[in-house]
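**Q** attaching a predicted model along with its sequence, questions to come.
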Amino acid sequence: MRNIPTDIYIENGAVKNHGGEIAELGKKAMIVTGRHSSAVNGSLDDVKAVLESQGIGYVIYNDIEENPSVETVYTAATAAVKYGVDMFVAVGGGSPMDASKAISMLAKNGIVCENAEFSESESVVKAEKCELPDSIAKVEELLYTPAKLPFYPIVCVPTTCGTGSEATPYSILTSHIKQTKKSIAHKIFPSLALVDYSYLKTSSYSGMKSTCVDALAHMIESRLNTNANAFSRAYAEEGMRLWASCKGCLETDERFAHMTDDEFSTFMQASVLAGMAIAYTGTSIPHGLSYTLTYENGVPHGKAVGVFLSGFLKKYGDSIEAEYVVKQLLDFDDLDAFRDYIRTLFGKLDMSEELWKKDRDGILANPAKLKNYPFELTADVLDDYVRYYNA
């Protein structure tokens, strides 16, 4: 059983309220973020203001793309070493938070790109030169080989309600060598998670749908998991009840436009609970299937995992447990109603037969995902996932 060592605060003004705890973690920070949303929703300004008030120097690395790559974290780690960073503040969704974990470990262990050159303007660091091809295979080998390696402290400031990465030890990266997304082999929990629902209020409708369904998948896959225990079940079940209470907010753009503060807060709480649940269990088959769809077709992660949820429940080996999830926890009349709800959000699954077979056969050859599923899984069962969703 894995304990969750992260100090998690869910409150308005969480960043401003816990500057002293941030200051205890290091003397110079790298803010790891993307280029747009953290600047728009106010989270980046909040983090900068707190670091400055605490006398903590910082640089900003804002080149984290959606589904960050091994190349990106390697480049960022090189910048962190060059600028003397000893802590990281991840601001954004799952991409900056997952990336920060890998960056922290690489930087702490001095895994850097030789002869790299960077520029800095208004604290924003940019790579001007960082030659990667000859060394990236060795970096991947280190990332994906289990070992106990040190890492710098990490603060997570989530601005979406899907990934739960602020409460997990996982770092999902895109491997262009493997042509998929995959969690690194190292378990890296953040030291501190500062969760403020107000950052959600600038979210787009499409982004909110995708991230909320990602959190839903975490809870379903954790609840129906080989590794489930009393803690993970409690987190997943309470999270699903919260999620269900607001699920109508996602059905139309008009309804989303009138979401209340309480509804944003509820989705954020559900996302954190979902992260806490999978910290114990890991994810399962829908997540495993989603990665090929995202890598090959560019489908947003929440949609890519969401389209497999109804089939996963339909074919789950214990129908009583699956029905309990659908009816009692998520408050749907039946499984067809759940499937129709997901299709209202995302439409039908559009995937070539060739790509589906590659995806299906890949998951059947993936022991890391199969071990989390408590029943036998076959190609016919997986084919039924698609047939049922698209029926």
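**A** Everything's here; your move.

**Q** just the C-alphas of stretch 264-283, formatted as CSV.
**A** Taking C-alpha atoms only, stretch 264-283 is exported to CSV below (Å, rounded to 0.1, in the frame of the first residue of the first chain):
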residue,chain,number,x,y,z
PHE,A,264,-16.3,24.5,-10.6
SER,A,265,-15.2,23.7,-7.1
THR,A,266,-17.0,20.3,-7.1
PHE,A,267,-15.3,19.2,-10.3
MET,A,268,-11.9,20.3,-8.9
GLN,A,269,-12.4,18.3,-5.7
ALA,A,270,-13.5,15.3,-7.7
SER,A,271,-10.3,15.5,-9.8
VAL,A,272,-8.1,15.6,-6.8
LEU,A,273,-9.9,12.6,-5.3
ALA,A,274,-9.5,10.8,-8.6
GLY,A,275,-5.8,11.4,-8.5
MET,A,276,-5.6,10.1,-5.0
ALA,A,277,-7.4,7.0,-6.0
ILE,A,278,-5.1,6.1,-8.9
ALA,A,279,-2.1,6.9,-6.8
TYR,A,280,-2.9,3.6,-5.1
THR,A,281,-4.1,1.6,-8.1
GLY,A,282,-2.8,3.0,-11.3
THR,A,283,-5.1,3.2,-14.4
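
**Q** and the average pLDDT for it is what?
**A** Mean pLDDT, stretch 264-283: 98.

**Q** same check on stretch 309-326?
**A** Across stretch 309-326, pLDDT averages out at 98.

**Q** need the contact partners of it.
**A** Residues from elsewhere that reach stretch 309-326 (CB atoms under 8 Å, 6 or more residues apart in numbering): 213, 216-217, 220-221, 223-224, 240, 284-286, 332, 334-335, 338-339, 342, 374-376, 381-382, 384-389. For glycine as for every other residue, the C-beta is placed from the backbone atoms N, C-alpha and C.

**Q** for A137, what are its contacts?
**A** A137 makes contacts with I177, as judged by CB under 8 Å, 6+ apart.

**Q** quick check: it is in a strand.
**A** No - using DSSP: H, G, I helix; E, B strand; the rest coil, the assignment for A137 is helix, not a strand.

**Q** report the separation between it and E71.
**A** Distance, A137 to E71, by CB to CB, to the nearest Å: 11 Å.

**Q** name the nearest residue to T226, sequence neighbours excluded.
**A** Nearest non-adjacent residue to T226, counting by CB to CB, 6 or more residues apart in numbering: P374, 4.6 Å away.

**Q** quick one, what contacts that neighbour?
**A** Going by CB under 8 Å, 6+ apart, the list of residues near P374 reads L224, N225, T226, G317, D318.

**Q** now the buried members of those.
**A** Burial by neighbour count, judged by 16 or more other CB atoms under 10 Å, picks out L224, N225 from the contacts of P374.

**Q** please report phi then psi for N227.
**A** For N227, the backbone dihedrals (degrees, to the nearest 10) come out as phi -90, psi 0.

**Q** so how many other residues sit close to the closest residue to it other than its chain neighbours?
**A** Of all residues not flanking N227 in the chain, T281 sits nearest, at 4.1 Å (CB to CB, 6+ apart). Residues near T281, counting by other CB atoms under 10 Å, number 24.

**Q** for A29, list each beta-bridge partner.
**A** Y58, M87 (DSSP bridges).

**Q** so what pLDDT did it get?
**A** The score at A29 is 98. That number is its pLDDT.

**Q** which parts of the host helix or strand of V272 are buried?
**A** Secondary structure assignment for V272, by DSSP states H and E: helix 261-281. Judged by neighbour count using 16+ other CB under 10 Å, the buried positions of helix 261-281 are 263-281.

**Q** show me where the stretch 1-150 of the chain has its helices.
**A** Assigned by DSSP state H, counting those that start in this stretch, the helices in the stretch 1-150 of the chain fall at 14-17, 19-23, 37-40, 43-53, 70-82, 94-108, 136-143.

**Q** which elements pack onto the longest one?
**A** To tie it back to what came earlier, the one meant is helix 94-108. Helices and strands touching helix 94-108, by 3 or more CB pairs under 8 Å, 6 or more residues apart in numbering; DSSP states H and E, are strand 28-32, helix 70-82, strand 87-92, helix 136-143, strand 154-158, strand 172-175.

**Q** make it 7 Å
**A** Using 3 or more CB pairs under 7 Å, 6 or more residues apart in numbering; DSSP states H and E, the elements in contact with helix 94-108 are strand 28-32, helix 70-82, strand 87-92, strand 154-158, strand 172-175.
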